[in-house]
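In: Fold the following, please.
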Amino acid sequence: INRGISPIYEEGLGDLLCSCVNGGSLRASTGYEEAENTGITFICVGTYSGSEGGTDLSQIEDAVRNIGTLLSRKQGFHIVAIKSTVAPGTTERMVIPLLEQVSGKKVGKDIGVAVNPEFLEEGRALRCFLKPDRIVIGESDRKTGDILEGLYSGFPAPVIRTGLATAEMIKYAANAFLSTKVSFINEIGNICSKLGIDAYDVADGIGCDPRIGRKFLNAGIGFGGSCLPKDLHKLVATADELGYRPRLLESVIDVNRDQPSRMVEAAEGAIGDLKGKAVAVLGLAFKPDTDDMRDAPSIRVIASLLDKGASVRAYDPKAMEAARRTIDKQIEYCESARQAIDKADCVLIVTEWDEFRDEALYNGRVVIDGRRALDPEKARAICDYYGICW
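Out: Down below sits the predicted model:
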């Protein structure tokens, strides 16, 4: 980072990182001592969740302990803001008691604590950060909220100030709703496919209603990534702990879990038994414009193809290295989409990268489109077979 090299791919991030480092406004450190000369510390570490919704808070605990040790010898008011996604009540039950214990100081008097969730879209993170649709500040006290609101004074967005647990819940509720929209349109799409109806036309029609909106209504093989699956499982687990069964959210998970398998079923319907067949998988990241492989649908698609005896030729413009670290299966990684397609019996479009939208790539091929990357009419005119999985 201090050399201006981004460890991840995100559109525009490399150039902005270089600009900030060269301009002296950003410096990375592996120690906590840097925080001694600052007034606000944001905790942005990971909170891994397993498939059953269990959350690992060890990184947050480590960060709080180290910050608390630093604050024990620091003079003046200091704010600790939690950006990491944590279940409602975590900051009050775990962060504040631990911070007070280690620092020997009192929250609300010597220390301010806030929950300041992020609502970034991977692939558009910089745009979302610089032009947010809202800023949520959960505050331990008014002074802390005032200081954080002042920090964001240059951002063109409404500021919502709440209690700590409410701010934590806003993040979970937002991601649960977006997940629900995706599984909803996939359920509708699955029904539409049996009726010969284009699910995208249906989405356009209902999306004009401002109460519904068009975003997150693209039928396909489901959602993945670092946030939606993790947060949805955690919210369901939290509800279960409280003695409430969230049946709608459970159904959202079930639909999303099963959706990638429909792509493989569509391939079988097109070319028959997959044993011994070569299948090209285009797109490995969970969405375009990122190299993130976390909970990517491609992982489940590839596993199913291999279980059925197919050989897999895979390509992604940005996620090849991440895929090699994530997919511990014997597949062939190709240097281009054209190389992956060459000699393949079937092509699966798993991630809708722009370079996969060229219908000429698939001339005379069997194509299963999992993301509506191609125009169906153009694809059917040029492909030996064009199908969708919903």
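
In: hey, let's count contacts and neighbours off CA atoms from now on
Out: OK.

In: What segments of the chain are strands?
Out: Counting by DSSP state E, the chain has strands at residues 40-43, 78-82, 111-115, 135-139, 159-162, 278-282, 311-315, 332-333, 346-349, 366-369, 385-388.

In: want to throw the ones you listed into JSON lines with mean neighbour count, mean pLDDT and distance to Pro246?
Out: Shown next, in JSON lines, are the strands of the chain (neighbours: other C-alpha atoms under 10 Å; pLDDT from 0 to 100; distance: least, C-alpha to C-alpha, whole Å):
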{"stretch": "strand 40-43", "mean neighbour count": "18", "mean pLDDT": "97", "distance to Pro246": "30"}
{"stretch": "strand 78-82", "mean neighbour count": "23", "mean pLDDT": "98", "distance to Pro246": "27"}
{"stretch": "strand 111-115", "mean neighbour count": "26", "mean pLDDT": "98", "distance to Pro246": "25"}
{"stretch": "strand 135-139", "mean neighbour count": "24", "mean pLDDT": "98", "distance to Pro246": "25"}
{"stretch": "strand 159-162", "mean neighbour count": "16", "mean pLDDT": "98", "distance to Pro246": "25"}
{"stretch": "strand 278-282", "mean neighbour count": "27", "mean pLDDT": "98", "distance to Pro246": "35"}
{"stretch": "strand 311-315", "mean neighbour count": "24", "mean pLDDT": "98", "distance to Pro246": "37"}
{"stretch": "strand 332-333", "mean neighbour count": "16", "mean pLDDT": "97", "distance to Pro246": "41"}
{"stretch": "strand 346-349", "mean neighbour count": "24", "mean pLDDT": "98", "distance to Pro246": "33"}
{"stretch": "strand 366-369", "mean neighbour count": "25", "mean pLDDT": "98", "distance to Pro246": "32"}
{"stretch": "strand 385-388", "mean neighbour count": "20", "mean pLDDT": "96", "distance to Pro246": "31"}
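
In: Rebuild these as a markdown table, extending it with distance to Glu359.
Out: Formatted as a markdown table, the strands of the chain follow (distance: least, C-alpha to C-alpha, whole Å):
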| stretch | distance to Glu359 |
| --- | --- |
| strand 40-43 | 45 |
| strand 78-82 | 46 |
| strand 111-115 | 47 |
| strand 135-139 | 41 |
| strand 159-162 | 45 |
| strand 278-282 | 13 |
| strand 311-315 | 17 |
| strand 332-333 | 22 |
| strand 346-349 | 12 |
| strand 366-369 | 10 |
| strand 385-388 | 11 |
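
In: To Ser193, which of these lies closest?
Out: strand 385-388 (8.6 Å; C-alpha to C-alpha).

In: In contact with the closest residue to Cys389 other than its chain neighbours, which residues?
Out: Once flanking residues are discounted, Cys389 sits nearest to Met263: 4.8 Å by C-alpha to C-alpha, 6 or more residues apart in numbering. By C-alpha atoms under 8 Å, 6 or more residues apart in numbering, the contact set of Met263 is Ile221, Val301, Leu348, Ile368, Gly370, Ile388, Cys389.

In: and of the strands of the chain, who's closest to Ala173?
Out: Nearest of the strands of the chain to Ala173, taken as C-alpha to C-alpha: strand 135-139 at 13.1 Å.

In: and the angle for that closest one with strand 111-115?
Out: 140 degrees (axes from the mean of the first three to the mean of the last three C-alpha atoms, to 10 degrees).

In: Just flag the most distant two among the contacts of Met263.
Out: Val301 and Ile388 (14.2 Å).

In: Pull the contacting residues for Ile327.
Out: Ile299.

In: same check, this time on Leu164
Out: Counted by C-alpha under 8 Å, 6+ apart, Leu164 has contacts Pro88, Gly89, Thr91, Glu92, Ala114, Val115, Gly138, Glu139, Ser140.

In: now those residues in JSON lines, with distance to Ala157?
Out: Output for these, formatted as JSON lines (distance: C-alpha to C-alpha, whole Å):
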{"residue": "Pro88", "distance to Ala157": "24"}
{"residue": "Gly89", "distance to Ala157": "26"}
{"residue": "Thr91", "distance to Ala157": "25"}
{"residue": "Glu92", "distance to Ala157": "27"}
{"residue": "Ala114", "distance to Ala157": "18"}
{"residue": "Val115", "distance to Ala157": "17"}
{"residue": "Gly138", "distance to Ala157": "16"}
{"residue": "Glu139", "distance to Ala157": "18"}
{"residue": "Ser140", "distance to Ala157": "22"}
